[in-house]
Every structure is written in C-alpha cells, then in structure tokens.
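Undergrad: What would the 3D arrangement of this be:
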Amino acid sequence: MIKIFRVKNSKGFTLIEILLVLALVGGMAVLVLPRFSTVDRIKASVRKLNVVSKQVQNQARLTNTLHRIVIELTPQAEAKTEDKNSFEQGFYVEVANSKSARVVADSASEEKPDEDEENPTTDFAPDTKLLKRKEVLPNNFFFKDVEFKDKIIENGKAYIYFFPQGYVTQAAIHITNKDKINYTIIIHPLTGQTTIFNEEKRLKDLQP
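TA: This is a model prediction of the structure:
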C-alpha cells in the first residue's frame, strides 16, 4: 500500500499579505522618488547655470557686446520672511541693447560694475538666444546669496557681468534648501571659467 503524506500547516503568502507588502513598497516609493526627482532637477539647474555662464562669455567676446546673467533672489518685500519658496527664484540672460550701455558699463568696469543696483543706468534686454526664458529653481531650493569680492547680495537681484574683453565679474553663487543640501558655483574673473562644489564655499576659502 502506498501511503500519501500530506504536509499540514504549510506556510505561504496570502492575498492580504501580498497586498500589504505592495502597499508598503508603494508608500516608500511615494516618499523617496520625489526627493530623488528634486535632487536631479537641482543638479540639472546647477549644470545649466554652469553651461550658460560659458556660453554668455563666448557670446560677449564674439559679438563685442556686454552681457550679464541676472540672478533673482528673494524680493525685497519677502526678504524678512522665512518662506523663500513663495517666489520662483531663477536666473536669465540680458544683453546691452545700445552702444551707450556698453560705454557706461566699460567705464565703470575699470573699478567694478554695480552688481546690486536696483535700477541700472545702462539699458539691457533679455537675450533669448542663449536662454529662452528664466530658468527657475526646483521647489524648496533657493539662492542663499550671491557673493562678490566686497559684498554679499541676499535679496533682490544680483548681476554677473560678462565683458567683450573676456573677463567676468568674480562671484560665488550659493544654492541651498531646507534639508541643507548646498551647491556653490564659483565664477573666475579672468578666465570666466566656473567651478561647482557640492558644499558651501566662500571666496575667502579659495584664497591661496
């Protein structure tokens, strides 16, 4: 006689258990994926600013025209609040639209351009050839400040000038978020080259 042995209480996953595991995995994905997506977007914005800076320098030299990158920080009216994200911070490119604008800027540039002037005396217009529209930072990221040789701009607008002769306003652009993820873009004045750091760096930290 052949005896058939049946294993009792064999363990396996029930439909409810499988659904519970899928729900947990889905919940974790909802929490983790947006963070990765935001980090990827801020990295893309940092790289975009880096590339645009090089393009603007080349364009200024080729066309013999003064250009500038405008960094929009928190507006003056919101500078006293903690919510820097209520305003879409970003950057765009402008070009001098008249010879007088170039002459005024060149004469002032022998010392330094007025980076934080509210209403610059020279006339500029958006340069949509290099950047069609304002590049906006991702949610929760903002420009902490833009540091120049003798001042730090924390709100309003900061101007980084690119001159036909090839030199550029020296600056350190600081980007951060509430999770303390920091990026620094250093623009070198003589070469116009940029250096990206995955941390906050000050100009004085780069002194030999």
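Undergrad: Checking my notes, Asp150 in a helix, right?
TA: No - looking at Asp150 with DSSP: H, G, I helix; E, B strand; the rest coil, it is coil, so not inside a helix.
Undergrad: Burial check on Val21, number of neighbours?
TA: By other CB atoms under 10 Å, 11 other residues sit near Val21. C-beta: built from backbone N, CA, C; applies to glycine.
Undergrad: Can you verify it is assigned to a helix?
TA: Yes - with three-state DSSP as the criterion, Val21 is part of a helix.
Undergrad: can you tell me which residues contact it?
TA: Val21 makes contact with no residue under the criterion CB atoms under 8 Å, 6 or more residues apart in numbering.
Undergrad: residue ranges of the strands in the chain, please?
TA: For the chain, applying DSSP state E gives strands covering 67-72, 90-96, 124-126, 135-136, 141-147, 152-153, 157-162, 171-177, 183-187, 194-197.
Undergrad: give me the low-pLDDT residue ranges for the protein?
TA: Across the chain, residues meeting the criterion (pLDDT under 70) sit at 1-13, 25-36, 38, 75-87, 98-122, 208.
Undergrad: Recalculate using a threshold of 80.
TA: Residue ranges of the chain with pLDDT under 80: 1-39, 74-88, 98-122, 178-179, 206-208.
Undergrad: which ones are touching the closest residue to Ile185 other than its chain neighbours?
TA: Counting by CB to CB, 6 or more residues apart in numbering, Ile185 lies nearest to Ile173, which is 4.3 Å off, once chain neighbours are set aside. Residues near Ile173 by CB under 8 Å, 6+ apart: Leu49, Ile71, Phe143, Val146, Glu147, Thr184, Ile185, Ile186, Ile187.
Undergrad: Reformat the strands of the chain as JSON lines; add distance to Asp40.
TA: Output for the strands of the chain, formatted as JSON lines (distance: least, CB to CB, whole Å):
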{"stretch": "strand 67-72", "distance to Asp40": "22"}
{"stretch": "strand 90-96", "distance to Asp40": "17"}
{"stretch": "strand 124-126", "distance to Asp40": "27"}
{"stretch": "strand 135-136", "distance to Asp40": "15"}
{"stretch": "strand 141-147", "distance to Asp40": "12"}
{"stretch": "strand 152-153", "distance to Asp40": "28"}
{"stretch": "strand 157-162", "distance to Asp40": "25"}
{"stretch": "strand 171-177", "distance to Asp40": "13"}
{"stretch": "strand 183-187", "distance to Asp40": "13"}
{"stretch": "strand 194-197", "distance to Asp40": "15"}
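Undergrad: Lovely, talk soon.
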